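Q: Give me coordinates for this.
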Amino acid sequence: MKAIGYARTSTQKQDLGLDVQEKRLRAEAEFRGINMEIIQEKVSGSVSPNLRPGLSQVLAKLRSRSEEHTSELQSH
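A: I've put the predicted structure just below:
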């Protein structure tokens, strides 16, 4: 199984900086036995989601995977 993890922070001073978030995501993926691609970005949470390149990348990958799975289901 594949998964996508998204880590975001606006500053490194936050308690849950990108390194901490990535370690937690990787630990969860290992616990569940899944491969996880992690996308990180430094951007304020007040920035519109459509102006966050990392989040846009995650959403595009999820849409693509959804279309792949839909195609697989329709072909059976």
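
Q: all strands for this protein, in order.
A: Using DSSP state E, the strands of the chain run over residues 2-9, 35-42.

Q: just checking, what packs against the first one?
A: Strand 2-9 makes packing contacts with helix 18-32, strand 35-42, helix 53-75 when contacts are defined by 3 or more CB pairs under 8 Å, 6 or more residues apart in numbering; DSSP states H and E. Placement of C-beta: from N, CA and C, glycine included.

Q: partners of it, with directions?
A: strand 35-42 (parallel) (DSSP bridges).

Q: So which residues make contact with the partner strand?
A: Residues from elsewhere that reach strand 35-42 (CB atoms under 8 Å, 6 or more residues apart in numbering): 1-11, 18, 21-22, 25-26, 28-29, 52-55, 57-58, 61.

Q: Can you check the pLDDT for the closest residue to residue 56 other than its chain neighbours?
A: In space, and not counting its chain neighbours, residue 56 is closest to residue 50: 6.7 Å by CB to CB, 6 or more residues apart in numbering. What the model reports as pLDDT for residue 50 is 88.

Q: neighbours around residue 49, how many?
A: Per other CB atoms under 10 Å, the neighbour tally for residue 49 reads 10.

Q: If you could redo that for residue 37, that was the one I meant.
A: Residue 37: 14 neighbours (other CB under 10 Å).

Q: So for it, what's the pLDDT?
A: 93.

Q: So, low pLDDT: which residues of the protein?
A: Residues of the chain meeting the criterion pLDDT under 70: 12-14, 67-76.

Q: Deepest in the core, which of the helices and strands packed on strand 2-9 is it.
A: When you average the neighbours per residue for each of those (mean count of other CB atoms under 10 Å), strand 35-42 leads with a mean of 15.

Q: Contact partners for residue 10?
A: Counted by CB under 8 Å, 6+ apart, residue 10 has contacts 42, 43, 44, 45.
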